[in-house]
Each structure stands twice: as C-alpha cells, then as structure tokens.
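Trainee: sequence isn't available, so here's the structure alone:
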C-alpha cells in the first residue's frame, strides 16, 4: 500500500516495500520514508550487510541514512535487538556503507556519460553554461581556485543559477574512472533523466555525510 507505515523492527522481505512506505528506524525510533533510509539484512554467516538496492533476500532492518544514525545503531546494539540474535557488524560498517553510496553515485555519473549528458573539460563546461540546459557542475576536489571561480562566474550569469547544483565530492581520479577520461577536473551535467538519477544519488550521499540536504546540494568529501 502506498504511504503505508510499518513500525515493526524487521520488514517482510525485499519485495514487500511499496513506494511511499515509511519504516521504523532501529537506531533513532523515528518513522521515515524508505527513500531516507538504508536497509540492512543478515548474511548467511551472521554479518549485517547494507542493502542499498533493497533486493537482498531475507527480512531486513532499517536505519536512517546518515552516519550519525548508523553510529547510534552500533552504540545501542540495534542490530542484535532488531534481528533478535547475535549479529556480527564489521568495525568499518559506517565507512563501508558510505563507500557503497558513493559508488552508486559514480555509477550513475558513468551512465550519464554513456547517455551523452556530460560535458567534460573547462572549455566544454564553460560553453555548456553559456548555452545548454545544465543541471549540475562537477569540480574535482582538487580543482584549482581559479578554474572554480571562472566557472562560478559563468554559472551566476544564468537566470536559473539557483536550480543548478554544484558537486565537489569526487577526486579527479574518481571522475576519470567514471567518465573514462584522464585528468578530469571539471564536468557539466545536461538535463535528462540520467542526470536526475545521478543527482538523486548525490542527495543520498550528502544526507549520509551531513545528515541534511541543502537546497544547493553542494557536496564535499566527508
């Protein structure tokens, strides 16, 4: 049922979560939409595993998708309480979960590139900002201040500047791997469903790192 609230500690399996469902957070006790949460299942050898795609078999527990909430789950032994048995949780589960969320965003960026929705390189980004339907500008974390400043100036000349997101979350190496190019420092995402999917994943990454989503969604490395 759309909009259904399920407050039990565990769900009934990966195919029992309808769009709009709200779930009980095992760490905080809050009830939130599943899009703001992470599902965890228990592997056959008793290890808690994040299930970002909500497809892994078995009953799952849900935690608000922030580092703070996941740390709280560890401190409160929420995994064992939810599953009602001993559960092994790896010491690096918070960092591992963040890396998985980050990887889904980079995979979405790669899909944008394959769909022809990415302008790569300073000149191409500047040209896109001058005339194309741009929805986001990506700068490598180590991008030079001068390049950032010039692109920011071009961005602010647009009437829709408030609608264009800036992403500074990835290193040049990460952008290289996602876009299949070398020495990527600047990129622009053009309007399209692929870009919207990427931005949704960036919102999830920012939520996990900061606990909130700013309107500009300017994401920096955690």
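Mentor: Received, thanks. Owing to the predicted nature of the structure, the values given are computational and were not obtained by experimental measurement.
Trainee: strands along this protein, start to end?
Mentor: In the chain, the strands defined using DSSP state E lie at 5-6, 22-24, 31-33, 37-42, 48-51, 60-64, 118-120, 134-139, 165-168, 186-190, 219-220.
Trainee: and the helices in the protein?
Mentor: For the chain, the helices defined by DSSP state H cover 67-75, 78-83, 93-114, 122-131, 145-156, 172-179, 193-210.
Trainee: shaky segments in the chain?
Mentor: For the chain, applying pLDDT under 70 flags the ranges 1-8, 16-17, 19, 213-222.
Trainee: hang on, the earlier thing: so which of the strands of the chain is the most surrounded?
Mentor: Comparing the strands of the chain by mean neighbour count (mean count of other C-beta atoms under 10 Å), strand 60-64 ranks first with a mean of 27. All C-beta spots, glycine's among them, are computed from the backbone N, C-alpha and C.
Trainee: coming back round to it: among the helices of the chain, which is nearest residue 52?
Mentor: helix 93-114 (5.7 Å; C-beta to C-beta).
Trainee: run the angle between the closest one and helix 67-75 for me.
Mentor: Angle between the axes of helix 93-114 and helix 67-75 is 140 degrees (criterion: axes from the mean of the first three to the mean of the last three C-alpha atoms, to 10 degrees).
Trainee: got the domain boundaries for this protein?
Mentor: 5-90, 97-220 (automatic domain parsing).
Trainee: just give me the neighbour total for residue 98.
Mentor: 18 (other C-beta atoms under 10 Å).
Trainee: OK, contacts around the closest residue to it other than its chain neighbours?
Mentor: Setting aside the residues directly before and after it, residue 98 is nearest to residue 208 in space (C-beta to C-beta, 6 or more residues apart in numbering), at 5.9 Å. Counting by C-beta atoms under 8 Å, 6 or more residues apart in numbering, residue 208 touches 65-67, 97-98, 101.
Trainee: equivalent analysis for residue 107, please.
Mentor: Going by C-beta under 8 Å, 6+ apart, residue 107 touches residue 178.
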